[in-house]
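Peer 1: Sequence first, predicted model second:
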Amino acid sequence: MQVPRLHPETIEEVKQRADIVDVISGRVVLRKRGKEFVGLCPFHDEKSPSFTVSPGKQMYYCFGCGAGGNAFKFLMELEKRPFSEVVLELAKNYQVPVKTVEPEHRQELQRQISLREQLYEISALTANFYEHALRQTQGEEPLAYLKSERQLSEETIQQFQLGYAPQGWEALYSYLVEQKNYPAQLVEQAGLIVPRKNGGSGYYDRFRNRIMIPIRDTQGRVIGFGGRALGDEQPKYLNSPETELFDKGKTLFALDTAKTAISKADRAVVVEGYFDAITLHAAGISNAVASLGTALSLNQVRQLLRYTDSKQIILNFDADKAGTQAAERAIGEIEKLAYQGEVQLRVLNIPDGKDADEYLKTYSPEQYQELLENAPLWLDWQLQQMLVNQDLKQADSSQQVTKKIINLLTNITDDNQLAHYLQKCAEILSKGDFRLTKMLAENLLNQVVSDWAKRQSQDESLTMPLLIRNKLKPNKQYKKQRASGGENKSSKSSLSAVARSLLEEAEAQLLQIYLHCPEYRQDVREAIEARDVQFSLSHHRFLWHQIVNAEILHKMSLQVAPAELILKLQDSFIEYPNQLNQISHLFHLNEFSERNVYRAPLVIRSALACIEQIISMKRRRIALNMWEKAKAASSGEEAIEYHQLFCAEQEWLKELERLRQVNFYDLTSVPWG
């Protein structure tokens, strides 16, 4: 459901009504200790309680892992849900009327909430109906199939609420529409019945004579179904269509029961089929989920990454051609994250082409765990796939494999990883002749450098590995550019990276002083306004807007205590987790930033000069380009004008460099901690 922006009054009223002890005690066993409550932290394993809940402050804090926040943040972190969903759930629990920022969206939101509640109700009833049908005479064959063919225990069948859709055309329709009196249109919206075609009136059941597997969201609510045909009917597996509740590309089967195990094991296992996941859970491997027969999407991966600190995901797809293609499609979806190190991706192909369900019928769970431990990294798996049915002694095969290897290597941005795979690929191509390995590694590196040079000419903002940068020698070109006052195309990328790094540091210093030094807030404001300086980086600009809004909304003076200002900002950022991750470090002081606080006037001066320097360098570059164009066009007056502008910026840069430096007199003029 797309939730429109909730009105601040609704958020504030929910915050006031939702008692944090009430919210947390439903998920953590709390014991009263003095004025506070304590319990075992749900965010990390511990034997003695270090998790504290304060009713007075309406905050929680763990002295073991540092987790802390209000009721909103607790539910968001524990259940990995967005801010708006948490507010809506608490609003429902505490009978808070929901208002939106835009009044015209309010009625539509209420309609959506009402619709979704009815669809949840219908889906839950349907799961019970199928489960009941499995225990009737007509369910004897499917029940026998589950127990003998699939070797599932009664406990597992009940755990996953497996059921049976009767063979008749209108069994479910009769139950929901005629007995339970739900409107047929609503049952159709749940994806459970289908209108008759060819002018016929009425509906028929979507699922017939199939073993039924309920699909649940992360909160354990039924949102759809998967049906496995008992006979030769096609398709063998039939999923619910997309509905208000169910989006196949955003849902992972068994995640509701796997999420805790994923956090404990610190990795997730992704399989292709329902029964693969069910069998793994039955074998005690509960960190497994299934991708509902589609390629693993970026959205699904991001869901899994919420539950694992190491960001490790193992794809265990079938080893046949279809399974290999599914693994390659999944890698294609998430390889950018993998190259950046945001996900540790591994690929497991079980020997003899077996899937997880089939393997566990012969081998033990411990042997499967061993396969998981030894699953190759996705890059190694891709290298293995490149070599399938290839004879490297044949020139054309060797050339084809080399080309694929270079494409693979060019995408690696981590230096250690690149060095490792350069050596490994050279060993593969040398075909065991280690005398050739060094030469082949150098040859591969040169071709990768060549590819990077082409990429950089098209996109100067690319950040390349140090290994490549040293080959291209951008540092030497950058120094040459600095000395001559000009720059060429090959130095722009390096200049851009240096400028962004300096800008990031300078803007962060200004914001940190504003947050932690009330006595210098007016100085920062006046300096920014007088010098007409703006925050260039989006997350810094966003934080500055939030500071200004918080001061206006809560009528705070510039002298408000840092803790109070930061607390208000953390509350306002709960709705924006991505931005919070980028700026949360500014809310805390380390040894270095504490020194900056003591010499705030110097840091303010230096930071502003740095920001102005970067702006001035851009103006100087433009002036230089226009000067060269004017000279080439024999436009004398324009050339003189642009040359004067260039010289003026050059002089101003020298002055700004002086302002950035700190001398002995500066140090004696400010307090020193």
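Peer 2: Nice, I can see it.
Peer 1: Which parts of stretch 274-291 count as buried, going by neighbours?
Peer 2: Neighbour counts using 16 or more other CB atoms under 10 Å place 274-283, 285-291 of stretch 274-291 among the buried residues. Backbone N, C-alpha and C define where each C-beta goes, glycine included.
Peer 1: Where do the strands of the stretch 301-450 of the chain begin and end?
Peer 2: With DSSP state E, counting those that start in this stretch as the criterion, the stretch 301-450 of the chain has strands at 312-316, 344-347.
Peer 1: Just the residues contacting stretch 186-196, thanks.
Peer 2: For stretch 186-196, the external contacting residues (CB atoms under 8 Å, 6 or more residues apart in numbering) are 115, 118-119, 122-123, 126, 172-173, 176-177, 184, 202-207, 224-225, 240-246.
Peer 1: Separate out the buried members of those residues.
Peer 2: Applying 16+ other CB under 10 Å to the contacts of stretch 186-196 flags 118-119, 122-123, 126, 172-173, 176-177, 203-207, 224-225, 240, 243-246 as buried.
Peer 1: Can I get the strands of the stretch 301-450 of the chain in JSON lines including mean pLDDT?
Peer 2: Output for the strands of the stretch 301-450 of the chain, formatted as JSON lines (pLDDT from 0 to 100):
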{"stretch": "strand 312-316", "mean pLDDT": "94"}
{"stretch": "strand 344-347", "mean pLDDT": "93"}
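Peer 1: Ok, which of the ones you listed comes nearest residue 585?
Peer 2: Nearest to residue 585, of all the strands of the stretch 301-450 of the chain, is strand 344-347, at 23.5 Å by CB to CB.
Peer 1: Show me what the closest one is packed up against.
Peer 2: In terms of contacts (3 or more CB pairs under 8 Å, 6 or more residues apart in numbering; DSSP states H and E), strand 344-347 is packed against strand 312-316, helix 321-339, helix 378-387.
Peer 1: ok, 6 Å please
Peer 2: strand 312-316, helix 378-387 (3 or more CB pairs under 6 Å, 6 or more residues apart in numbering; DSSP states H and E).
Peer 1: neighbouring contacts of it?
Peer 2: Strand 344-347 is contacted by residues 311, 312, 313, 314, 315, 327, 338, 375, 377, 378, 381 when judged by CB atoms under 6 Å, 6 or more residues apart in numbering.
Peer 1: Can you get me a residue count around the second one?
Peer 2: What that stands for is residue 312. 20 (other CB atoms under 10 Å).
Peer 1: From residue 217, how far out is the closest residue to it other than its chain neighbours?
Peer 2: Excluding its sequence neighbours, the residue lying closest to residue 312 (CB to CB, 6 or more residues apart in numbering) is residue 267, at 3.8 Å. Here residue 267 is placed at a distance of 22 Å from residue 217 (CB to CB, to the nearest Å).
Peer 1: More neighbours: those two, which one.
Peer 2: residue 267 (22 against 18).
Peer 1: Can you give me the neighbour number for residue 440?
Peer 2: 19.
Peer 1: That one contacts residue 427, correct?
Peer 2: No. In this structure, residue 440 is not within contact of residue 427 by CB atoms under 6 Å, at 8.3 Å.
Peer 1: Point out where the stretch 1-150 of the chain drops to low pLDDT.
Peer 2: For the stretch 1-150 of the chain, applying pLDDT under 70 flags the ranges 1-4, 101-113.
Peer 1: same thing but at 90, please
Peer 2: 1-19, 21-50, 54-59, 61-70, 72, 76-118 (pLDDT under 90).
Peer 1: got it, and the stretch 351-500 of the chain?
Peer 2: Applying pLDDT under 90 to the stretch 351-500 of the chain flags residues 351-355, 388-400, 411-417, 429-443, 446, 449-500.
Peer 1: All the helices of it, residue numbers only.
Peer 2: 356-359, 365-373, 378-387, 395-410, 415-429, 434-458, 466-472, 474-484, 489-516 (DSSP state H, counting those that start in this stretch).
Peer 1: which strands and helices sit next to the first one?
Peer 2: Looking back up the chat, that one is helix 356-359. For helix 356-359, the packing partners by 3+ CB pairs under 6 Å, 6+ apart are helix 274-282.
Peer 1: Can you tell me which helices and strands the helix or strand following the helix it packs on packs against?
Peer 2: Counting by DSSP states H and E, the next helix or strand C-terminal to helix 274-282 is strand 288-290. With contacts defined as 3+ CB pairs under 6 Å, 6+ apart, strand 288-290 has these neighbours: strand 267-271, helix 274-282.
Peer 1: Give me the residues contacting strand 288-290.
Peer 2: Contacts of strand 288-290 (CB under 6 Å, 6+ apart): 252, 253, 254, 255, 258, 269, 270, 271, 273, 274, 277, 280.
Peer 1: Pretty sure residue 555 sits in a strand.
Peer 2: No. Note on residue 555: no strand contains this position according to DSSP: H, G, I helix; E, B strand; the rest coil, which reports coil.
Peer 1: Need the per-residue pLDDT for it.
Peer 2: Looking at residue 555, its pLDDT reads 80.
Peer 1: Can you read off the backbone torsions of it?
Peer 2: Main-chain torsions, residue 555, degrees, to the nearest 10: phi 50, psi 50.
Peer 1: Filter the contacts of stretch 186-196 down to the ones in helices?
Peer 2: Among the contacts of stretch 186-196, the members falling in helices (DSSP state H) are 115, 118, 119, 122, 123, 126, 172, 173, 184.
Peer 1: between those residues, which is nearest residue 45?
Peer 2: Closest to residue 45, out of all of these and judged by CB to CB, is residue 123, at 34.3 Å.
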